[in-house]
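Participant: Dropping a prediction and its sequence here:
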Amino acid sequence: MSHRGDKHVIASGITPSGEFHIGHLREILTSDIIKRACITQELDAEFVFFVDDADPLRKVYSFLDNSYETYIGHQLANIPPPDENGIPDLERFEQGISYAQHFLEPFKKSLQMLGVEIDEYIYNYDAYKSEKFSDVSRTACNRADEIREIIERVSGRELDANWFPWNPIDAKGCMDGITITGWDDPFVHWLDSDGNAGRSDVTKGEGKLPWRIDWPAKWAWRGVTMEPFGKDHGAAGGSYDTGKEIVRLFDVEPPYPTTYEWISLKGAGAMSSSTGVTIGPLEALRLVPPQIMRYLITRNQPKRHIDFDTGNALIELADEYQRNLAETMRENDDGWWGELSRRQQKAWKDMVSRIGYAQINSDISSAISGFAQKIGNSETTAYLDNQYFGLSKITFRHLALLAQLRENDDAVWESVRRSGLIHEIHDGPTENEVHRLQLMRNWIASPHFPDGFRLRIQTQISELAKENMDPRDVEYLRALAEAFSDCEWDWGAINNHVCELAKERGMKLRDAFQLMYWIVLDQDYGPKLASILEEMERDAVLSLLQSAIDELSA
RNA sequence: GGGCCUGUAGCUUAGCCAGGUAGAGCGUCCGGCUUUUAACCGGAUGGCCAAGGGUUCGAAUCCCUUCAGGCCCGCCA
């Protein structure tokens, strides 16, 4: 992009016709990342977000009440927001909240949480009204024949004889069913669906340009040099292809394109796409820190399809982020860098760059990506402060277990401290870690949390235990039950008995623990056994042991 | 019918634009930590780069064909 000059305008545009989802996030984050990359290259870059609230409501979506029927064809900035039942909320509308704003506001909030810095929000409806599109609109209407030729040739479809590059609104504010009857600069004359004649001044925003012209008009007006867009626009004959020719009628070069793939939702129980349930950015940010959502985008190339999965894969993604973040902090004091092959060096730099752009704070982004450039060229030691970058030794995987095991937050940190995972540099959890625990608790409480990670504490002898227990284990279990019946019910005592009694009998600890995991969790292995038992009622443990003993004695 | 994107180890993928011995992570397996086992550390396993053909001294990378998946060409953002 640097070949195209030092100043860049990166644009994104979204129609606020309904709930925003993480697919929209990809569009915005892609722009955000490009902007940051420009700045790292010392190019001047700004990010403008076009809110397409001049578009009409296309249909009554499933989340809307049928009463929205009357608003079909009306501009989104001009119709009331739905209430929680999908019914038009006239009260809020009177307070100035439109349909478009209703959906946009929460999205803006999530962008803020994600550290996306948008230099300017452009509300299309207002832009037309305030005559920002006057010149391009008149040009378009005056050169309607050329535009028609471009669209017909490039997209290969024939336009209606009455087609005209302006969608006027009728007296009721509707855009549908209007027939253009003439053009008399700057007025478009028309007949509405009831046969009423009227005219619209295209310089006053009485209507809008149709999408295929509206888009290049935005480029021309705002000087857009770069814009990522969904693969639908990017297809041959699609709106980018027509747009890049139309924009030349306005004497402007088209922006540099980047197409990105869709994000789909991987089916996980109730979250399958077939139920029509999508996950919104705010909802996702209640499960994982914002860096993880950014990392989801940065680790995948735009052209790759992403299957977003709020279960297992998200935990793995989060841990991968953490691992790589830690790797980023590596110091080049033992010459490891020089031992890497060239490919490995490049892979490492790419990885660091992806971690860099996943950061919320753009200064940290630059610091990390700058580091990626420098490594290997010079001494790079004592590079950063772990706390500052939110590094933690506690994996999400591990935190998921602790959060289930300990209802009390302090008990979680106590356990972490005992296992030495809280880093030496601080005594307690960092702010970042406290936040992560809160998110993890949200996640566990939600239907998105993967079943495979849920602890399934048994109340009676499990099938796995039945299949695998050895008759010789019964003596050990009896001894354990006896010891448990009157020992201190804490982590140390429990652990001590499990180990001591096993050693006395010459059992391998590994086998003893596995036996207990079969009985307690119906699994081959699990998290710290004593931690689980400690959280269980003593009687529950004893009764479980008894049922195992009964099974073996039978 | 026309066109675009994707297809690399069990899984997720880097590398492709500017050809030069296929890089990771997860998983799996083994070893260590002998009071642990979704933790941590070390090691290993694993790819005829979708298929076929061509160009080249040399192709995952360039060209052609085929197959598979996704998408667009319906004023629809």
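Facilitator: Happy to help now that I have it. Owing to the predicted nature of the structure, the values given are computational and were not obtained by experimental measurement.
Participant: CA atoms for contacts and neighbours, from now on please.
Facilitator: Fine.
Participant: burial count for the residue in chain A positioned nearest to RNA strand B?
Facilitator: Taking CA to the nearest atom of the strand, RNA strand B has its nearest neighbour within chain A at A:Arg510, 2.0 Å off. A:Arg510 is flanked by 11 other residues according to other CA atoms under 10 Å.
Participant: Go ahead and measure how far the strand or helix carrying it is from the middle of the chain.
Facilitator: Per DSSP states H and E: A:Arg510 is located in helix A:509-521. Computed by CA atoms, centre = their mean, to the nearest Å, the chain-centroid distance of helix A:509-521 equals 39 Å.
Participant: Just the strands from chain A, written as ranges.
Facilitator: Remark: strands assigned in chain A by DSSP state E are A:7-14, A:44-51, A:120-123, A:167-168, A:179-184, A:187-191, A:197-201, A:207-208, A:226-230, A:256-260, A:263-265, A:306-308.
Participant: For the helix holding A:Arg510, list every residue counted as buried.
Facilitator: The neighbour-count check on helix A:509-521 (16 or more other CA atoms under 10 Å) flags A:Ala512, A:Phe513, A:Gln514, A:Leu515, A:Met516, A:Tyr517, A:Trp518, A:Ile519, A:Val520, A:Leu521 as buried.
Participant: looking only at pLDDT, what's the mean for that helix?
Facilitator: What helix A:509-521 shows for mean pLDDT is 84.
Participant: Check stretch A:224-238 too.
Facilitator: Here the average pLDDT along stretch A:224-238 is 85.
Participant: just to revisit the earlier point, using a markdown table, lay out the strands of chain A together with distance to A:Met440 and mean neighbour count.
Facilitator: Listed next are those as a markdown table, based on distance: least, CA to CA, whole Å; neighbours: other CA atoms under 10 Å:
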| stretch | distance to A:Met440 | mean neighbour count |
| --- | --- | --- |
| strand A:7-14 | 31 | 22 |
| strand A:44-51 | 32 | 20 |
| strand A:120-123 | 33 | 14 |
| strand A:167-168 | 49 | 26 |
| strand A:179-184 | 56 | 16 |
| strand A:187-191 | 57 | 20 |
| strand A:197-201 | 55 | 19 |
| strand A:207-208 | 46 | 26 |
| strand A:226-230 | 32 | 23 |
| strand A:256-260 | 30 | 17 |
| strand A:263-265 | 20 | 18 |
| strand A:306-308 | 18 | 16 |
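Participant: For burial, what's the neighbour tally of A:Pro290?
Facilitator: So A:Pro290, with other CA under 10 Å, has 23 neighbours.
Participant: Quick one: residues contacting the nearest residue to A:Tyr125 once chain neighbours are set aside.
Facilitator: Once flanking residues are discounted, A:Tyr125 sits nearest to A:Ala54: 4.3 Å by CA to CA, 6 or more residues apart in numbering. For A:Ala54, the contact set (CA atoms under 8 Å, 6 or more residues apart in numbering) comprises A:Gln75, A:Leu76, A:Ala77, A:Tyr123, A:Asn124, A:Tyr125, A:Lys208.
Participant: Below-threshold pLDDT in chain A: ranges please.
Facilitator: For chain A, applying pLDDT under 70 flags the ranges A:1-4, A:266-278, A:330-335, A:372-390, A:418-427.
Participant: Longest helix in it, please.
Facilitator: Secondary structure of chain A per DSSP state H: the longest helix is helix A:22-40.
Participant: Just the C-alpha atoms of stretch A:287-296, please, in PDB.
Facilitator: Once non-C-alpha atoms are left out, stretch A:287-296 reads as follows in PDB (Å, rounded to 0.1, in the frame of the first residue of the first chain):
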ATOM      1  CA  LEU A 287     -16.600 -15.400  27.700                       C
ATOM      2  CA  VAL A 288     -13.100 -14.500  26.800                       C
ATOM      3  CA  PRO A 289     -10.800 -11.400  27.000                       C
ATOM      4  CA  PRO A 290     -11.000  -9.100  24.000                       C
ATOM      5  CA  GLN A 291      -7.400 -10.100  22.900                       C
ATOM      6  CA  ILE A 292      -8.700 -13.600  22.200                       C
ATOM      7  CA  MET A 293     -11.300 -12.300  19.800                       C
ATOM      8  CA  ARG A 294      -8.800 -10.200  18.100                       C
ATOM      9  CA  TYR A 295      -6.500 -13.200  17.900                       C
ATOM     10  CA  LEU A 296      -9.200 -15.200  16.300                       C
END
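Participant: Any residue of it touching RNA strand B?
Facilitator: No: counting by CA under 7 Å from any atom of the strand, RNA strand B is not contacted by stretch A:287-296; separation bottoms out at 9.5 Å.
Participant: what's next to that stretch, contact-wise?
Facilitator: A:29, A:113-114, A:284-285, A:317-318, A:321, A:354-355, A:357-360, A:436, A:439-440, A:442-443.
Participant: Swap in 7 Å and give it another go.
Facilitator: Stretch A:287-296 has contacts (CA atoms under 7 Å, 6 or more residues apart in numbering) with A:113-114, A:318, A:321, A:354-355, A:358-360, A:436, A:439-440, A:442-443.
Participant: All set now, cheers.
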